[in-house]
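Colleague: predicted coordinates and the sequence they were generated for:
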Protein chains: 2
Amino acid sequence: MQNLLFDFIEKYIPLTEEEKETISSLDVFRTVKKGTVLLKEGERSQVGYFVLKGCIRTYYIKDGEEKTTAFYTEMEGITPNCVLTKEASEFYIATTEDSIITVSNPDMEGDMFGKIPKFETMCRLVSEELLAKQQINFDHFKTSSPEERYIILQEKRPDLLQRVPQHQLASYLGVKPQSLSRLRARILKKSKG
Amino acid sequence: MQNLLFDFIEKYIPLTEEEKETISSLDVFRTVKKGTVLLKEGERSQVGYFVLKGCIRTYYIKDGEEKTTAFYTEMEGITPNCVLTKEASEFYIATTEDSIITVSNPDMEGDMFGKIPKFETMCRLVSEELLAKQQINFDHFKTSSPEERYIILQEKRPDLLQRVPQHQLASYLGVKPQSLSRLRARILKKSKG
DNA sequence: TCTATTTCTTAACTTAAGTGAACGTTTTGA
DNA sequence: TCAAAACGTTCACTTAAGTTAAGAAATAGA
């Protein structure tokens, strides 16, 4: 499992065996059961997550309803806004499957930056890359209809359609579950002719 | 004008006079007339922008129509995805006002990281912060109606409503210009009672 | 295993956004 | 300065999403 993490890091920077030891010694791996809530609205968490296996999602509760806004699967991670702002979190984080994740906090990051300076370079590169990707994602979302978004999701992350409940997908696509059902029926009908 | 840039950087890291000299020597400031296209779809640009004064926007051309997806005003910046991926840009960047901006490329960044190591820390912090903010923004967009988005924009970035054409705002809010007109009329009617 | 709960789909109705067109206003550039 | 283009609003009509409700299917827990 550690190798998955090293592989990810080594896409950005080379690691010596010694450095791998240093990372291993941090003991960041956690096994988490499906449905576990990792962060609640209102909490002031100081930890970020990285998914090695499984899936976690972020969601809001608005007017008593869950609104799922993001899914993080293998080799994706999230540092909740509240870690940076030190304010109460606006959203929840929970696993949607039994998962293996890493849990880290700013102190550990600081440690790492001291021991492996390249590590900060990696974090910068990852952030910059995610920021740019995220912007493109948002752009596509704004310029597409729900139906187009669904079709694009089918192409880009087909696994999500299988592994995640429809009602969570719906808010991810910016519509109500009923609209997602309808929209899927519409697409199916079109493809049949 | 340079002081604006130093003030921004010093929110993240302290700068000595010598370091300020180093930054100044890079000669990154540009004065740009309203409507200037800084990046075109299909180009493989290697530069990022940071707005000191004025406003720039990113837009796509889809089905022959301009779709504006983001505005960057004072003390905001963008590194287009194509700089990182080295692929052709999907979008355009243009000024919406006469502006003063900085223009930088990865080589200059590398230079700076060598001369002022703290500079990389700042870039990491800025990216991390933007990424988290961006995520929250996207979340709010997904979980709101166009009308709610407009009202929130009125509160959060009232200047945009004044300084930017309606049809550009419309796609920024995820609707057609006609819908924005209608939606504004609807809000006005409600507030009058 | 069997029940209770959650999830997904369908349907009828309401509301709002998309579309195409018209028209007055503003901006722009020759 | 003046004509052409771009812009913003309104309207009538179409299409799709929100809402409320019901029922079937899947899931989870006792």
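Modeller: Happy to help now that I have it.
Colleague: rest of the way, CA atoms for contacts and neighbours
Modeller: Will do.
Colleague: leaving out chain neighbours, which residue sits closest to A:M112?
Modeller: Counting by CA to CA, 6 or more residues apart in numbering or on different chains, A:M112 lies nearest to A:F119, which is 6.7 Å off, once chain neighbours are set aside.
Colleague: for A:S104, the count of nearby residues, please.
Modeller: 18 (other CA atoms under 10 Å in any protein chain shown).
Colleague: so what pairs up with it in the strands?
Modeller: Counting by DSSP bridges, A:S104 forms beta bridges with A:G48.
Colleague: how far does the stretch of helix or strand the residue nearest to A:M112 belongs to sit from the chain's center?
Modeller: If you go by DSSP states H and E, A:F119 is part of helix A:118-142. Computed by CA atoms, centre = their mean, to the nearest Å, the chain-centroid distance of helix A:118-142 equals 12 Å.
Colleague: how much space separates the residue nearest to A:M112 from DNA strand D?
Modeller: Using CA to the nearest atom of the strand, to the nearest Å, A:F119 is found at 39 Å from DNA strand D.
Colleague: for the closest residue to A:K142 other than its chain neighbours, what are its contacts?
Modeller: Nearest residue to A:K142 in three dimensions, chain neighbours excluded: B:G174, at 5.0 Å (CA to CA, 6+ apart). Listed by CA atoms under 8 Å, 6 or more residues apart in numbering or on different chains, the contact set of B:G174 reads A:142-143, B:146.
Colleague: before we move on, what about A:L169?
Modeller: Contacts of A:L169 (CA under 8 Å, 6+ apart): A:68, A:161, A:177.
Colleague: for chain A, what spans make up the helices?
Modeller: A:2-10, A:17-24, A:81-85, A:106-115, A:118-142, A:146-156, A:158-163, A:166-172, A:177-192 (DSSP state H).
Colleague: pick out the residue of chain A closest to chain B.
Modeller: Distances between chain A and chain B by CA to the nearest CA are smallest at A:R124, namely 4.4 Å.
Colleague: is that residue in contact with B:M122, as I believe?
Modeller: No. Using CA atoms under 8 Å, A:R124 makes no contact with B:M122, being 9.3 Å away.
Colleague: what residues does chain A have near DNA strand C?
Modeller: Proximity of chain A to DNA strand C, by CA under 7 Å from any atom of the strand, involves residues A:164-168, A:177-182, A:185.
Colleague: now tabulate those in a markdown table and tack on pLDDT, distance to chain B and neighbour count.
Modeller: Formatted as a markdown table, those follow (pLDDT from 0 to 100; distance: CA to the nearest CA, whole Å; neighbours: other CA atoms under 10 Å in any protein chain shown):
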| residue | pLDDT | distance to chain B | neighbour count |
| --- | --- | --- | --- |
| A:V164 | 95 | 18 | 15 |
| A:P165 | 96 | 18 | 11 |
| A:Q166 | 96 | 16 | 17 |
| A:H167 | 96 | 14 | 17 |
| A:Q168 | 97 | 12 | 20 |
| A:P177 | 97 | 13 | 16 |
| A:Q178 | 97 | 15 | 12 |
| A:S179 | 97 | 14 | 14 |
| A:L180 | 98 | 14 | 21 |
| A:S181 | 97 | 18 | 13 |
| A:R182 | 97 | 19 | 12 |
| A:A185 | 95 | 22 | 11 |
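Colleague: restrict those residues to those near DNA strand D?
Modeller: Answer for the residues of chain A next to DNA strand C near DNA strand D (CA under 7 Å from any atom of the strand): A:178-179, A:182.
Colleague: what lies in contact with the helix holding A:F119?
Modeller: In contact with helix A:118-142 (CA under 8 Å, 6+ apart) are residues A:9, A:12-13, A:112-113, A:149, B:69, B:79-81, B:84, B:120-121, B:123-125, B:127-128, B:130-131, B:134-135, B:138, B:171-174.
Colleague: which positions within that helix qualify as buried?
Modeller: A:118-136, A:138-142 (16 or more other CA atoms under 10 Å in any protein chain shown).
Colleague: distance-wise, check the residue nearest the centre of chain A relative to A:C55.
Modeller: Centroid check for chain A by CA atoms, centre = their mean gives A:Y72 as the closest residue, at 2.5 Å. Using CA to CA, to the nearest Å, A:Y72 is found at 6 Å from A:C55.
Colleague: likewise for A:V83?
Modeller: Distance of A:V83 to A:C55, given as CA to CA: 21 Å.
Colleague: who has more neighbours, these two?
Modeller: A:C55 (24 against 19).
Colleague: who's in contact with the more buried one?
Modeller: So A:C55 contacts A:71-74, A:95-99 (CA under 8 Å, 6+ apart).
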